[in-house]
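> Have a look; sequence and predicted model below, questions after that.
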Amino acid sequence: MWAARCNCKYFGSRFASKFRPFPPPPPYHPTALHLPSPPLRQFAECITCHAWSPDHSMIAFCPNNNEVHIYKFFTDKWEKLHVLSKHDQIVSGIDWSRSTNKIVTVSHDRNSYVWTQEGHDWVPTLVILKLNRAALCVQWSPKENKFAVGSGAKSVCICYYEQDNNWWISKVVRKKHESSVTSVAWHPNNILLATTSTDGKCRVFSTFIKGVDTRGSQASSSTDWKFGEQIAQLDMSSMWAFGVKWSPSGKTLAYAGHNSMIYFIDDVETSPAAQNLALRDLPLRDILFLSERTVIGVGFDCNPMIFSADETGLWSFVRYLDERKVTTSTSRASQLSEALGKLYGQSKQAAGSDTVEPSKPRGGAHENCITCIVPLRKGNDSIVKRFSTSGLDGKIVVWDSENHIDIAK
Amino acid sequence: MASSAAAAAYLDADENLEAIISRIEQKSRKIETLLKQSKPVEALKTALEGSPLKTRDERCKSANWIVVHRAMMAIRDVDGMFNSLDPEYYDILMKYLYRGLSTGDRPTCDQCLKIHEKLTEKAGLGCILRSLADTVNTV
């Protein structure tokens, strides 16, 4: 009942302005690439998701339509190289495998394609996912012999390649989720998969497939579980959960809740030890482990946040990444209460300005919600030093930790 | 089987309701004494502590709201209050502020808005989000 009263039209327009796409950007100037850092490029009105090629020279992204654009960096500017258009609806997930150089795309049209490069072209192979709702996210497994697709059909599809039939087969994990699966993440052992869902829970499954995975010589208990078996269910958030990721060793699991919280869990399989961290500002949409003890979170604040764990394993928020951005939390709060005050007849300021100014570009790298963060790994480094973010403002920004973050080791 | 388990849980909750209501009455008496001793911040802390967030029973929630309301309206110095209020109370205070705002009653809303402004400065937008998003622990 009270929620209805508070959903006044002022609240609606205030928050709507954050999610409305910004007007078309000014023409792109090549000099922008020469800015010290972070390098960024306005590729489109809005970017749904993106992925980098293994040598980081090409980038594939979906500009909020049914196509995937691949751009390559030539000397001093980005040029559109390919347009992959097989999907009928928006492409919600892209992943580019590092060793096999295949691109997997999933879309709201319930299909998935694996693209292989043959010469100068990208050739699609349809993967039948057997879904009756949109596919929302995709990720290649660490060994790149499987990929996982989260969907709105409350299920996760694990797809693997069957050599005999020259065909990708999908095995579906059904009846375990109560709502859409928003994000998937593979454990380094190539078998465990963590998923987050809009029912607020984070679950860990085994995806062991006979013939594809080997039981292995390590005596870890995870190799005893059969396909689709649920190892753990984490019920810490009552709100939608997004952006689950494992730490490089697989010891820690982290995910973000839409109630402005981030959750860290150690040793999920054996004896889970969880930590909640309440965020000061708006929720996160995606996170990334830079190392065992450093996490970057991105979301509706349009500014990446650094979290780090101390020696005892206690996580805390360190700071925002983009220092150019002016923290507007105080002015936003007073704007908010001023408007609420106007609603109830008080006026704290001169009653000249009747409208509240919409959120103006804050001078940071991103101007709208950041929805996707992708690591740029060099070789077999387990520590990520560079990563890129893309968001609803159509920008892709590359961040370099050497220049930006000083992480206490 | 599932429904009988749920029904049993409901009955348990019913019995506990009486316990909750008597606890709230105790709180109310304690708050009156604290207010007479001019300790409004202590009173508010006592009111916020042990709020029946998990029950679904409207009587308990309304009873606790009346107690919190009494303590909240007695606060005159909002800045001073935040100096001594622990951050663990921020989220629950924000939920009660929205309940207060929803009443539409002029003095209540004035007070709630005063506190809301300062609380948002202190706790940030995340606090507001948690009070809106939490459908499990409601006030």
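Nice, I can see it.

> remind me which residues of chain A are low pLDDT?
Within chain A, the ranges that satisfy pLDDT under 70 run A:1-40, A:216-224, A:323-363, A:402-409.

> now the helices: where do they sit in it?
Shown for chain A, the helices assigned by DSSP state H span residues A:2-6, A:9-19, A:329-343, A:401-404.

> now chain B
Secondary structure of chain B (DSSP H): helices at B:2-36, B:40-48, B:58-73, B:78-84, B:90-103, B:106-123, B:125-133.

> Let me have those helices in JSON lines, adding distance to chain A and mean pLDDT as columns.
All C-beta atoms are positioned from the backbone trio N, CA, C, and that covers glycine. Output for these, formatted as JSON lines (distance: least, C-beta to the nearest C-beta, whole Å; pLDDT from 0 to 100):
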{"stretch": "helix B:2-36", "distance to chain A": "15", "mean pLDDT": "72"}
{"stretch": "helix B:40-48", "distance to chain A": "16", "mean pLDDT": "88"}
{"stretch": "helix B:58-73", "distance to chain A": "10", "mean pLDDT": "89"}
{"stretch": "helix B:78-84", "distance to chain A": "12", "mean pLDDT": "88"}
{"stretch": "helix B:90-103", "distance to chain A": "3", "mean pLDDT": "92"}
{"stretch": "helix B:106-123", "distance to chain A": "4", "mean pLDDT": "91"}
{"stretch": "helix B:125-133", "distance to chain A": "3", "mean pLDDT": "90"}
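
> Tabulate the ones you listed in a markdown table, adding columns for mean neighbour count.
Putting the helices of chain B into a markdown table (neighbours: other C-beta atoms under 10 Å in any protein chain shown) gives the following:
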| stretch | mean neighbour count |
| --- | --- |
| helix B:2-36 | 13 |
| helix B:40-48 | 22 |
| helix B:58-73 | 19 |
| helix B:78-84 | 13 |
| helix B:90-103 | 22 |
| helix B:106-123 | 19 |
| helix B:125-133 | 23 |
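
> right, so of these, which gets closest to A:His108?
Taking C-beta to C-beta, helix B:125-133 is the member of the helices of chain B nearest to A:His108, at 25.3 Å.

> The closest one to helix B:90-103, inter-axis angle?
Helix B:125-133 and helix B:90-103 are oriented at 60 degrees to each other (axes from the mean of the first three to the mean of the last three C-alpha atoms, to 10 degrees).

> Next, the distance between the ends of stretch A:271-283.
Stretch A:271-283 stretches 28 Å from its first residue to its last (C-alpha to C-alpha, to the nearest Å).

> And for stretch A:229-248?
23 Å.

> got the buried residues for that stretch?
A:231-232, A:234, A:236-248 (16 or more other C-beta atoms under 10 Å in any protein chain shown).

> Max pairwise distance over these: which two?
Using C-beta to C-beta, the pair of the buried residues of stretch A:229-248 lying farthest apart is A:Ser238 and A:Pro248, separated by 29.6 Å.

> Distance check, the closest residue to A:Tyr113 other than its chain neighbours against A:Thr116.
Excluding the flanking residues, the one nearest A:Tyr113 by C-beta to C-beta, 6 or more residues apart in numbering or on different chains is A:Pro124, at 4.2 Å. As for A:Pro124, its distance to A:Thr116 is 8 Å (criterion: C-beta to C-beta, to the nearest Å).

> Pick out whichever of these two has more residues nearby.
A:Pro124 (18 against 13; other C-beta atoms under 10 Å in any protein chain shown).

> The more buried one and A:Ser112 touch, don't they?
No: between A:Pro124 and A:Ser112 there is no contact under C-beta atoms under 8 Å: 9.8 Å.

> Now for A:Ser97: which residues touch it?
Residues near A:Ser97 by C-beta atoms under 8 Å, 6 or more residues apart in numbering or on different chains: A:Pro54, A:Ile103, A:Val104, A:Trp140, A:Glu144.

> Relative to B:His116, how far out is it?
Distance, A:Ser97 to B:His116, by C-beta to C-beta: 50 Å.

> and A:Asn380, which of the helices of chain B is closest to it?
Of all the helices of chain B, helix B:125-133 comes closest under C-beta to C-beta, at 36.9 Å.

> Which elements pack onto the closest one?
Here helix B:125-133 touches strand A:273-278, helix A:329-343, helix B:90-103, helix B:106-123, going by 3 or more C-beta pairs under 8 Å, 6 or more residues apart in numbering or on different chains; DSSP states H and E.

> If we use 7 Å, what do you get?
helix B:90-103 (3 or more C-beta pairs under 7 Å, 6 or more residues apart in numbering or on different chains; DSSP states H and E).

> quick one: contacts of the helix it packs on?
A:1-2, A:5-6, B:48, B:51, B:65, B:68-69, B:72, B:108-109, B:112, B:115-116, B:119, B:122-123, B:127-128, B:130-131, B:139 (C-beta atoms under 7 Å, 6 or more residues apart in numbering or on different chains).

> again, only using 6 Å
If you take C-beta atoms under 6 Å, 6 or more residues apart in numbering or on different chains as the criterion, helix B:90-103 is touched by A:2, A:5-6, B:48, B:65, B:68, B:108-109, B:112, B:115-116, B:123, B:127, B:130-131, B:139.

> Go ahead and measure how far it is from the middle of the chain.
Centroid displacement of helix B:90-103 relative to its chain, using C-alpha atoms, centre = their mean, to the nearest Å, is 7 Å.

> just stretch A:114-126 next, same as before
Remark: stretch A:114-126 is offset 25 Å from the chain centroid, using C-alpha atoms, centre = their mean.

> is it true that A:Ser85 touches A:Asn65?
No: at 8.8 Å, A:Ser85 does not count as touching A:Asn65 under the criterion of C-beta atoms under 6 Å.

> Of those two, which one has the most company?
Higher neighbour count among A:Ser85 and A:Asn65: A:Asn65, with 16 against 13, using other C-beta under 10 Å.
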